[in-house]
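Engineer: Everything below, folded, please.
(chains A and B)
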There are 2 protein chains.
Amino acid sequence: MSSALRLGIAGLGTVGAGVVKIVQRRAALLAARTGREIAISAVSARTRQKDRGVRLSAYAWEDDPVALARRDDVDVLVELMGGSDGPAKAAVEAAIAAGKDVVTANKAMMALHGQALAEEAEAKGHVIRFEAAVAGGIPVVKALTEGLAGNEVVRVMGVMNGTCNYILTRMEGAGLTYEEVFAEAQALGYLEADPTLDVGGIDAGHKLALLAAIAFGTRLNFGAMRIEGIERITIEDIRHAADMGFRVKLLGVAQMTGRGLESRMSPCLVPETSPLGQLENAMNMVVLEGDAAGQIVLRGAGAGEGPTASAVMSDILDIARGTRVSTFGQPARSLAPVEGATASAPAPYYLRMALVDKPGALARIAAVLGDAGISIDRMRQYGHEDVAAPVLIVTHRTTRTALDEAISKMGGTGVLASDPVAIRIEEV
Amino acid sequence: MSSALRLGIAGLGTVGAGVVKIVQRRAALLAARTGREIAISAVSARTRQKDRGVRLSAYAWEDDPVALARRDDVDVLVELMGGSDGPAKAAVEAAIAAGKDVVTANKAMMALHGQALAEEAEAKGHVIRFEAAVAGGIPVVKALTEGLAGNEVVRVMGVMNGTCNYILTRMEGAGLTYEEVFAEAQALGYLEADPTLDVGGIDAGHKLALLAAIAFGTRLNFGAMRIEGIERITIEDIRHAADMGFRVKLLGVAQMTGRGLESRMSPCLVPETSPLGQLENAMNMVVLEGDAAGQIVLRGAGAGEGPTASAVMSDILDIARGTRVSTFGQPARSLAPVEGATASAPAPYYLRMALVDKPGALARIAAVLGDAGISIDRMRQYGHEDVAAPVLIVTHRTTRTALDEAISKMGGTGVLASDPVAIRIEEV
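Structural biologist: Got it, this is the predicted structure:
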């Protein structure tokens, strides 16, 4: 058996404790699978005195994660602290400078600084792996980087924030408003300290940015992503979408177009019979489309101690086995600079509007759409006791630009009782 | 850039031609991702004169795949001929003897001889990889061997024969009999030359045996698997199952029990709302359950040129990148001998029977089940114009042994109009 692989674990929250448990409880299994002992040399966290449900006395303690990263008896820094900058980044930089490999679950750090960090690590012949940063226990980074390595990737899609999917499916299931379910999720501890990271789509956007770099061989460019959260989705949108056979999802989509890399994280409608449409509660799902493999769908828990620790272990065991794949599937320096596409690819759209109750109102809206070259696939007008008539329209494929222009012209007709809501229908 | 990785491709059917196309068309992409040129040195097939839609003139030709495997300018034998024995096995053995790595899509050869082949290859420090042998384009061997390497695997399940799933979903969708859809599938070229391999569950059984060896670290033991095909499934079973909220699937299940490794490939009922229940047409789905990761579901095309070639390329590119994982996730010699469990784990069952139309018939059946300690979850009796009344029973969890004994005792009651059909309900 080869020499032990020695870990330094920085961060002993839920995931860190989960990794320690697996290393302790599954020692024989891990050694059988890698041919090496997986050992923990040292650990680091903010507070030493705290019951984490695991024995830590056999490991050296470091108050400072940077000191942990530099220890001679650490081969791999396992960074599980979180935070895009600060101590997490400092520790990772120290580990790279000291010529060590890095395993991290830190999506914010990787999305914002992964390009520079990977370049530094690769210049030294070392690797940074981040399976746990994207979609928890689903081995999607591996599936994309290695499993589909023979494919030109066509599109990557994913529901990658379990909290948002919980909120949307709970609204539909229980008939509750966004505000009610948000409060419920907050009480249950499902939301990050800054809930905007979840419901604003930023956390899921970080994950999509990482997958897009691998999929398209492009430099990380989180800033070029169009991000829209679920805060404006109403229970009426969800109900009306269901009437038309759709479900609302916070969906990330990255695809290469003639105009550049289009990447967006936004509420979309998907057919209720599709795998994405059927995804319930806090589950995650990633859809990978390759020119050869076709559509591969992966589903699993996107968060939690076990799933995230499982992903961290996968990276550690790869390193133990001698697998050394570039962080983004090819050397970070070779990733192509790419323009973010300003306009998104054409798609059908769902339009919800309220029309004032006077003759010819609907005809005027239809005329505006027709003038803009947007044809109507399906239309539904609901009975109403109000002065305004709720109207739903599903368009045929059009561009967001054409649609926004048409919506702006609708304003001039005087028949709108409120601002129309437009949601893209993603063709999955 | 490192030296080229030189392939010898044996077998130029759909998949072989697909691999050649990817190597030719995606040369730059593959080199960017692996840091090496992926080159084809030589090819071999039964007939040299045949238009395969790819240029082969730049490659050496070998009539004999064994000679191909031994060529000095071949680093990796890519075996895509098929057949458990004969030329495929001879070529693989020749490649191993000559100290080369092997990539194969051959599930029958691997299920029957993979243990010995992997031991031989590993003794020489070489690898055999077989991603394409299981579930086509879905990177499931990688997900299980590497992605879940930190998990004790709890259960592996899968719908891994697209033809069977096509037949079952087509029967349900079109209301056709098994015989009608079988004939249709044969006309469409969906069935193997020996259709028993498909509809008898053998092909899917080969795949499950391979996954079970990885999942549980056990020696390959295809002979210990209980295999039952879909030939006896009637349109009535499918309709009645649907009435109770289930779908019929040819489902492989492998799980470690207190009595040994239970592995079976057989028609099962699964809830129609589960991912497995919603799998349509020729799609494949594999469900991996780990103690840490929880349930991971993977879905994709299980066959066809592109998906299978994508999986072959994944193995080739792993080798090009220097990844060297044992064939079954740990050295083949270290796999544990395992007894096949003779009895399967308890489960609910679906029972379909026809009772003669006389008073007390149903009470006698219920009494037999009660005496056997089998309790009834749901029961449904259908109106009938016949002399026999169709009755469906969903039991609570019981063992197959207890159920078989009860069914045998039912025979003595004189109220059965025909043999009951029992189908396991898999709790997914």
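Engineer: Low-confidence bits of chain A, can you list those?
Structural biologist: For chain A, the stretches flagged by pLDDT under 70 are A:1, A:342.
Engineer: what about the helices in it?
Structural biologist: A:14-25, A:27-34, A:65-70, A:86-97, A:107-123, A:140-142, A:162-174, A:178-187, A:196-199, A:202-216, A:235-243, A:305-321, A:361-371, A:400-410 (DSSP state H).
Engineer: Is any residue of the first one near chain B?
Structural biologist: It refers to helix A:14-25. Yes. Helix A:14-25 is in contact with chain B by Cβ under 8 Å from any Cβ of the partner chain, via A:Gly18, A:Ile22. To be clear about C-beta, it is placed using only N, CA and C from the backbone, and glycine gets the same treatment.
Engineer: From the contact counts, what lies against that helix?
Structural biologist: Counting contacts by 3 or more Cβ pairs under 8 Å, 6 or more residues apart in numbering or on different chains; DSSP states H and E, helix A:14-25 packs against strand A:5-10, strand A:38-44, helix A:305-321.
Engineer: Does anything pack onto the last one? Which helices or strands?
Structural biologist: Yep, that's helix A:305-321 we're talking about. Going by 3+ Cβ pairs under 8 Å, 6+ apart, helix A:305-321 lies up against strand A:5-10, helix A:14-25, helix A:27-34, strand A:38-44, strand A:76-79, strand A:101-104, strand A:128-129.
Engineer: re earlier: buried deepest among the helices of chain A, which one?
Structural biologist: Ranked by mean neighbour count, the helices of chain A are led by helix A:140-142 with a mean of 28 (mean count of other Cβ atoms under 10 Å in any protein chain shown).
Engineer: List the contacts of that helix.
Structural biologist: A:129-131, A:133-134, A:158, A:210-211, A:214, A:286, A:288, A:298, A:314, B:139, B:142-143, B:146-147 (Cβ atoms under 8 Å, 6 or more residues apart in numbering or on different chains).
Engineer: do stretch A:227-247 as well
Structural biologist: Taking Cβ under 8 Å, 6+ apart as the rule, stretch A:227-247 contacts A:164, A:167-168, A:171-172, A:175-178, A:196, A:199-202, A:205, A:248, A:250, A:264-267, A:269-273, A:276-278, A:350, A:352, A:378, A:380, A:390, A:392, A:394, A:421, A:423, A:425.
Engineer: Let me have the helices and strands packed on helix A:14-25 in TSV, adding distance to B:Ala32 as columns.
Structural biologist: Listed next are the helices and strands packed on helix A:14-25 as TSV, based on distance: least, Cβ to Cβ, whole Å:
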stretch	distance to B:Ala32
strand A:5-10	29
strand A:38-44	32
helix A:305-321	20
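Engineer: Leaving out sequence neighbours, find the closest residue to the residue nearest the centre of chain A.
Structural biologist: The residue lying closest to the centre of chain A (Cα atoms, centre = their mean) is A:Ala204, at 3.0 Å. Closest residue to A:Ala204 apart from its sequence neighbours, by Cβ to Cβ, 6 or more residues apart in numbering or on different chains: A:Asn161 at 4.0 Å.
Engineer: dump the residue contacts of the one you found.
Structural biologist: A:Asp198, A:Gly201, A:Asp203, A:Ala204, A:Leu250, A:Asn284, A:Gly302.
Engineer: Give me the distance between the residue lying closest to the first one once chain neighbours are set aside and A:Asn281.
Structural biologist: Right, A:Asp198. Nearest non-adjacent residue to A:Asp198, counting by Cβ to Cβ, 6+ apart: A:Thr163, 4.5 Å away. Counting by Cβ to Cβ, to the nearest Å, the separation of A:Thr163 from A:Asn281 is 10 Å.
Engineer: picking that back up, redo the helices and strands packed on helix A:305-321 as a markdown table? Include distance to A:Ala121.
Structural biologist: A markdown table is the format used below for the helices and strands packed on helix A:305-321 (distance: least, Cβ to Cβ, whole Å):
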| stretch | distance to A:Ala121 |
| --- | --- |
| strand A:5-10 | 16 |
| helix A:14-25 | 20 |
| helix A:27-34 | 21 |
| strand A:38-44 | 20 |
| strand A:76-79 | 11 |
| strand A:101-104 | 7 |
| strand A:128-129 | 5 |
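Engineer: For B:Gly82, find the nearest of those.
Structural biologist: Nearest of the helices and strands packed on helix A:305-321 to B:Gly82, taken as Cβ to Cβ: helix A:27-34 at 29.8 Å.
Engineer: Which residues of the stretch 101-250 of chain A lie near chain B?
Structural biologist: So the stretch 101-250 of chain A meets chain B at A:131, A:137-139, A:142-143, A:146-152, A:217 (Cβ under 8 Å from any Cβ).
Engineer: Which residue does the stretch 251-400 of chain A have closest to chain B?
Structural biologist: A:Met313 (2.6 Å; Cβ to the nearest Cβ).
Engineer: That residue and B:Ala282, how far apart?
Structural biologist: 34 Å.
Engineer: Walk me through the domains of chain A.
Structural biologist: A:5-104, A:140-300, A:349-425 (automatic domain parsing).
Engineer: Nearest to A:Gln330, out of the ones you listed?
Structural biologist: Across the domains of chain A, closest to A:Gln330 is domain A:140-300 (Cβ to Cβ), at 5.8 Å.
Engineer: ok, back up a step: quick one: closest of the domains of chain A to B:Ala4.
Structural biologist: domain A:140-300 (16.2 Å).
Engineer: Now do the end-to-end distance for the closest one.
Structural biologist: Counting by Cα to Cα, to the nearest Å, you get 10 Å between the two ends of domain A:140-300.
Engineer: from the chain's centre, how far out does that domain sit?
Structural biologist: How far domain A:140-300 lies from its chain's middle: 6 Å, per Cα atoms, centre = their mean, to the nearest Å.
Engineer: Which of the residues of the stretch 101-250 of chain A next to chain B ranks first by neighbour count?
Structural biologist: In terms of neighbour count, A:Gly147 stands highest of those at 35 neighbours, by other Cβ atoms under 10 Å in any protein chain shown.
Engineer: Quick check: closest non-adjacent residue to it.
Structural biologist: Per Cβ to Cβ, 6+ apart, closest to A:Gly147 is B:Pro139, 2.7 Å.
Engineer: what's the spacing between the one you found and A:Val156?
Structural biologist: 15 Å.
Engineer: Ok, A:Val23 next?
Structural biologist: 32 Å.
Engineer: Could you do A:Met285 as well?
Structural biologist: 12 Å.
Engineer: Now the residue in chain A sticking out farthest from the centre: phi and psi?
Structural biologist: Ranked by distance from the centre of chain A (Cα atoms, centre = their mean), the top residue is A:Pro359, with 46.0 Å. When read as degrees, to the nearest 10, the backbone of A:Pro359 gives phi -60, psi 140.
Engineer: could I get stretch A:204-220 in CSV with only the CA atoms?
Structural biologist: Extracted in CSV, the C-alpha atoms of stretch A:204-220 (Å, rounded to 0.1, in the frame of the first residue of the first chain):
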residue,chain,number,x,y,z
ALA,A,204,-27.4,28.9,-8.1
GLY,A,205,-25.7,31.4,-10.5
HIS,A,206,-22.3,30.6,-9.0
LYS,A,207,-22.9,27.0,-9.7
LEU,A,208,-24.0,27.5,-13.2
ALA,A,209,-20.9,29.7,-13.9
LEU,A,210,-18.6,26.9,-12.8
LEU,A,211,-20.4,24.3,-15.0
ALA,A,212,-20.4,26.7,-18.0
ALA,A,213,-16.6,27.1,-17.8
ILE,A,214,-16.2,23.3,-18.0
ALA,A,215,-18.9,22.8,-20.6
PHE,A,216,-17.7,25.4,-23.1
GLY,A,217,-14.0,25.7,-22.3
THR,A,218,-14.5,29.4,-21.5
ARG,A,219,-13.0,31.6,-18.8
LEU,A,220,-15.1,32.0,-15.7
